[in-house]
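Peer 1: quick one: sequence and predicted model below, then my questions.
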Amino acid sequence: MGNDPSTSATNFYGRVHGMSNLYVADNSVIPYSGAANPTLTTVALAIRTADHIIHQLAK
């Protein structure tokens with residue numbers, strides 16, 4: 001996740017760079033796993049992505 005398409009696959013909301021309607025809302029946006037279980041992080045990212053999509057559709 002990041003602003004630079006040359007160093008990241010998605011923006012900070014999980015939208016794939018260069019694709020207007022393709023979002024990643026799972027552990028695929030995390031480049032490596034730490035020692036802790038990533039389940040809550042995955043859920044938080046998915047909810048954040050869903051909220052962003054809803055706000056984009058409401059415009």
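Peer 2: Done, it's in. Numbering: from 1, shown residues only.

Peer 1: hmm, what's the outermost residue in the chain?
Peer 2: A35 (20.7 Å; C-alpha atoms, centre = their mean).

Peer 1: how much space between it and K59?
Peer 2: Distance, A35 to K59, by C-beta to C-beta, to the nearest Å: 40 Å. C-beta: built from backbone N, CA, C; applies to glycine.

Peer 1: my guess is A9 contacts M19. True?
Peer 2: No - counting by C-beta atoms under 8 Å, A9 sits too far from M19 to count as a contact (10.2 Å).

Peer 1: separation between the most centrally placed residue in the chain and A46?
Peer 2: By C-alpha atoms, centre = their mean, the chain has its centre lying nearest to G14, at 2.4 Å. Relative to A46, G14 is positioned 8 Å away (C-beta to C-beta).

Peer 1: can you list residues touching both of the two?
Peer 2: In terms of C-beta atoms under 8 Å, 6 or more residues apart in numbering, G14 and A46 are both contacted by the residues A25.
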